[in-house]
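K.L.:
prediction below, plus the sequence it came from.
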Amino acid sequence: MSDHERSAGGGRLLTGVAWALLLLGLWLWGREATEVPRGVSGTATGDMAAVGRPPKADLPPAAEPLGDALPQRLDIPFLGVQAPVVARGLDGRGALDPPPFDQPGVVGWYAAGATPGERGTALLVGHVDTETRPAVFYKISALKPGERIRVVRDDARVAEFTVDDVQVLTRDRFDARQAYGPRERGRAELRLITCGGSFDRASRSYTANVVVSAYLTGPRR
């Protein structure tokens, strides 16, 4: 569906039912949800042809977590993405407040959670599109296991993550533990989250969420 075919506000991040799913995920994530086996994937929808880890993917070992430092920029070399990162909290409804809709190139970091690179799961959210053009996370569903994601931090270190799983989770098959829980306890992990599937004009929201999972494989300077 083209942007023109979407109704006004159609490109807003995680609207309607998807907001509730994110809230449930944050609650479980904050309680250190049950560990999820690596390589488990949801059903693909929308523009995803395949998700999850290839059977013989050769992924590097996890690096030791770094200390606490604020994220400044997100780089995804495979997609040509370089985006500023801003801290976000919860809005008046208790939902995660994404970057302003008029800043589609900005990534939001959930500041009440882990910082990217420290032990735990750091959560980054971004818009998939606007009413007129693609946004910062428009192509993250094209990421595959083994691709690198880098987060520039304010301690002059770069936390480098390796993608180990990409999922498209539909409303009726959404599993918050699978989306937000740690894949392996003790690691520094990262989640990139945006809308996915198709746009439901009746509910004015997307039918799924894209969740990219990655883990720390090395600091860079």
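P.N.:
Perfect, thanks for sending it.
K.L.:
when you work out contacts or count neighbours from here on, use the C-alpha atoms and nothing else.
P.N.:
Fine.
K.L.:
helix, strand, or coil at Arg177?
P.N.:
Here Arg177 is recorded as helix under DSSP: H, G, I helix; E, B strand; the rest coil.
K.L.:
the strands in this structure, which residues?
P.N.:
With DSSP state E as the criterion, the chain has strands at 71-76, 81-88, 107-110, 120-125, 148-153, 158-170, 188-200, 205-220.
K.L.:
mind putting those into a markdown table with distance to Glu131?
P.N.:
Listed next are those as a markdown table, based on distance: least, CA to CA, whole Å:
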| stretch | distance to Glu131 |
| --- | --- |
| strand 71-76 | 23 |
| strand 81-88 | 20 |
| strand 107-110 | 18 |
| strand 120-125 | 18 |
| strand 148-153 | 27 |
| strand 158-170 | 22 |
| strand 188-200 | 12 |
| strand 205-220 | 13 |
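K.L.:
adding distance to Asp97, mean pLDDT and mean neighbour count, write those strands out as TSV.
P.N.:
Shown next, in TSV, are the strands of the chain (distance: least, CA to CA, whole Å; pLDDT from 0 to 100; neighbours: other CA atoms under 10 Å):
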stretch	distance to Asp97	mean pLDDT	mean neighbour count
strand 71-76	17	98	20
strand 81-88	6	96	18
strand 107-110	8	93	25
strand 120-125	9	92	25
strand 148-153	20	98	23
strand 158-170	20	93	25
strand 188-200	13	85	24
strand 205-220	16	87	24
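K.L.:
so who does Leu123 touch?
P.N.:
Leu123 sits next to 109-110, 113-114, 190-193 when contact means CA atoms under 8 Å, 6 or more residues apart in numbering.
K.L.:
one more time with 6 Å, if that's ok
P.N.:
Contact analysis of Leu123 by CA atoms under 6 Å, 6 or more residues apart in numbering lists 109-110, 191.
K.L.:
go on, Val106?
P.N.:
Counting by CA under 6 Å, 6+ apart, the residues that Val106 touches are 83-84.
K.L.:
if we use 7 Å, what do you get?
P.N.:
83-85, 99, 126, 136 (CA atoms under 7 Å, 6 or more residues apart in numbering).
K.L.:
might one say that Ile149 is in contact with Phe161?
P.N.:
Yes: using CA atoms under 7 Å, Ile149 is in contact with Phe161, at 5.0 Å.
K.L.:
isn't Leu90 right up against Asp97?
P.N.:
Yes: assessed by CA under 7 Å, Leu90 is found in contact with Asp97 at 5.1 Å.
K.L.:
neighbour-wise, which of the two wins?
P.N.:
Neighbour count, other CA atoms under 10 Å: between Leu90 and Asp97, Asp97 has more, with 19 against 14.
K.L.:
quick check, that one in contact with Asp91.
P.N.:
Yes: contact criterion CA under 7 Å: Asp97 and Asp91 qualify, at 5.3 Å.
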